[in-house]
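Student: I'd like to go over a predicted model; first the sequence, then the structure.
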Amino acid sequence: MTAKEKLPKIVDPGLASVRYNAREAWRIFGIMAEFVEATERLAEIRPAVSIFGSARTPPDHLYYILAERIARRLSDAGFSVISGGGPGIMEAANKGAYFGKSPSVGLNIQLPLEQAANPYQDISQTFQHFFARKFMFVKFAVAYVVLPGGFGTLDEVMEALTLIQTRKSPRIPLILVHSPFWGGLLDWFRSRLVVEGMIDADDLDLIQVIDQPEAVADAIFKHYETRGFHPLPEEHELMLNL
């Protein structure tokens, strides 16, 4: 190898920038494709309930058992059940729905750790981008049911609350399951967020806490008993601008 060949290759910064911008532009088409494909595949699953919870919960855990029982009741009541498609509570939700009467839907995400598709899915859709996947949880749900979980679950709860509070999405039931887990967070909402004026006291009415699996479906039906599950015209407009 000559001395010239040993010299590091110098990349023109302008050329590198052009290449990066080109990759970014093509990435937009990939994102669009995710939205289009998922929207078409999920078009017939309404009414549906999105269930969130930890990926780390083993099958013999109380939370897993609760999620499976809730999902089975929802499925038998006519709701498709949407989960993140992975292990833990996501698997429990899909499993309960899979053996029920309505579709079990998994919105999977490609991750380096934890996420592997569970086998209890009638419809399975895989995403590369979190925001496209999260949009589908919101777009097709008539209610959110949230079991104990970690950062990802809290992220989904807070995003759902923010969208409803700011009226960027329709007001739908947001149900937290298992009050011993959620009590500390809700106490902090009251003692800090409300007291310091970060939220209105009425904003806490956006949240329901339910411990009994059989009461979850009842709460959802009660919310919709005077209007039905189909989006109202103004709600269609909201979702178009989500």
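Tutor: Received, thanks. In this text the structure is predicted, and so the values were computed from the model without any measurement.

Student: what's the neighbour count on residue 21?
Tutor: Residues lying near residue 21 (other C-beta atoms under 10 Å) number 10. C-beta coordinates here come from the backbone N, C-alpha and C atoms, glycine included.

Student: Please, which helix or strand holds it?
Tutor: In this assignment (DSSP states H and E), residue 21 forms part of helix 13-41.

Student: what comes up buried for that helix?
Tutor: 34-35, 38 (16 or more other C-beta atoms under 10 Å).

Student: Now do the domain split for the chain, please.
Tutor: Following automatic domain parsing, the chain resolves into domains at 12-41, 45-240.

Student: still on that earlier bit, Serialize the buried residues of helix 13-41 to a markdown table and add fields for pLDDT and distance to residue 57.
Tutor: Shown next, in a markdown table, are those (pLDDT from 0 to 100; distance: C-beta to C-beta, whole Å):
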| residue | pLDDT | distance to residue 57 |
| --- | --- | --- |
| 34 | 91 | 27 |
| 35 | 90 | 30 |
| 38 | 92 | 26 |
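
Student: Make CSV out of those residues and add distance to residue 77.
Tutor: Below are these laid out as CSV (distance: C-beta to C-beta, whole Å):
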residue, distance to residue 77
34, 30
35, 29
38, 24
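
Student: any idea which of those residues is the one closest to residue 166?
Tutor: Checking the buried residues of helix 13-41 against residue 166 by C-beta to C-beta gives residue 35 as the nearest, at 21.7 Å.

Student: Identify the residues contacting that closest one.
Tutor: Taking C-beta atoms under 8 Å, 6 or more residues apart in numbering, we find residue 35 in contact with 132, 135.

Student: Which parts of the protein are helices?
Tutor: When assigned using DSSP state H, the helices of the chain occupy the ranges 3-6, 13-41, 62-76, 89-98, 130-139, 151-165, 179-188, 213-224, 233-240.

Student: what residue is smack in the middle of this protein?
Tutor: residue 137 (4.3 Å; C-alpha atoms, centre = their mean).

Student: Please verify my assumption that it contacts residue 109.
Tutor: No: using C-beta atoms under 8 Å, residue 137 is not in contact with residue 109, being 11.1 Å away.

Student: Got phi/psi on residue 119?
Tutor: Residue 119 adopts backbone torsions of phi -90, psi 0, taken as degrees, to the nearest 10.

Student: For burial, what's the neighbour tally of it?
Tutor: Count around residue 119 with other C-beta under 10 Å applied: 10.

Student: And it, how close does it get to residue 222?
Tutor: 34 Å (C-beta to C-beta, to the nearest Å).

Student: Same question for residue 205.
Tutor: 14 Å.

Student: and what of residue 187?
Tutor: 26 Å.

Student: sorry, back to before: between the buried residues of helix 13-41, which sits nearest residue 128?
Tutor: Nearest to residue 128 among the buried residues of helix 13-41, with distances taken as C-beta to C-beta, is residue 34, at 6.9 Å.
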